[in-house]
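> pasting a predicted model and its sequence here:
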Amino acid sequence: MNRQEKQQIIDAMKHDFKESQAAFVVDMQGMTVEAVQGLRRQLYQKQGKIKVAKNTLLKRATSDIPGINDLAPYFKDQIAIIFAPTEAPAIAKILASVAKEQEKLKLKAGALDARLITLEQIEFLASLPSKEILLAKLCGTLQAPIANYVSILNQLIVRLLWVLKEIEKTKQS
């Protein structure tokens with residue numbers, strides 16, 4: 001590989017790091033091609049992508065990106081970088097589930113919004129519900145006081161009708 005090709009790889013990796021909401025470093029040593037292709041398909045469904053490059057090129061690509069350069073100590077052995085352009089929790093959930101199935105895949109560290117996150121934080125991120133579920137819970141929380149108010153108003157009207165019915169019964173008898 002000549003210098004120009006190496007520089008193209010470095011530039012592409014810099015672009016991916018800057019455009020992604022999160023990036024995860026995973027150890028893939030010993031994984032089969034089928035397992036890697038299965039992971040790639042799952043990531044593709046959530047707009048994630050997996051990139052493999054030489055560790056020295058990764059170090060050069062991340063050296064001048066604040067927050068991402070903290071990942072440099074994890075660039076050892078056979079690693080891959082998983083990029084999450086939009087939905088970091090969904091990608092983290094995929095990585096956590098595949099890591100449980102495939103013993104060879106090991107999560108090392110990650111960067112979320114240009115901050116280093118540890119393995120425990122990645123697992124916490126993976127345990128979060130999806131964006132749609134969180135939005136639904138938020139809507140339910142916002143709607144609850146209004147629904148309670150409507151219910152109280154309805155009960156007042158029903159009570160008034162009940163009182164009027166009782167008055168009508170007493171006048172008829």
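Arrived safely. Numbering: from 1, shown residues only.
> could you use CA atoms for every contact and neighbour count after this?
Will do.
> this structure: helices as residue ranges?
Applying DSSP state H to the chain gives helices spanning 3-19, 33-45, 55-62, 88-101, 119-127, 131-172.
> those: which one's closest to Gln78?
Smallest distance to Gln78 across the helices of the chain (Cα to Cα): 8.4 Å, for helix 55-62.
> from the contact counts, what lies against that closest one?
Helices and strands touching helix 55-62, by 3 or more Cα pairs under 8 Å, 6 or more residues apart in numbering; DSSP states H and E, are helix 3-19.
> what pLDDT does the model give Gly110?
In this model, Gly110 is scored at 91, pLDDT.
> once you drop chain neighbours, what's closest to it?
Phe24 (4.0 Å; Cα to Cα, 6 or more residues apart in numbering).
> wait, what's in contact with the one you found?
Ile81, Ile82, Phe83, Leu107, Lys108, Ala109, Gly110, Ala111 (Cα atoms under 8 Å, 6 or more residues apart in numbering).
> contacting residues around Gln42?
Counting by Cα under 8 Å, 6+ apart, Gln42 has contacts Ile94.
> from Ile122, how far out is it?
18 Å (Cα to Cα, to the nearest Å).
> low-scoring stretches of this protein, by residue?
Counting by pLDDT under 70, the chain shows no low-confidence range.
> domain map for it?
For the chain, automatic domain parsing gives the domain ranges 3-128, 130-173.
> looking at those, which is buried most?
domain 3-128 (a mean of 17; mean count of other Cα atoms under 10 Å).
> quick one: that one to chain centroid distance?
13 Å (Cα atoms, centre = their mean, to the nearest Å).
> ends of that domain, what's the gap?
42 Å.
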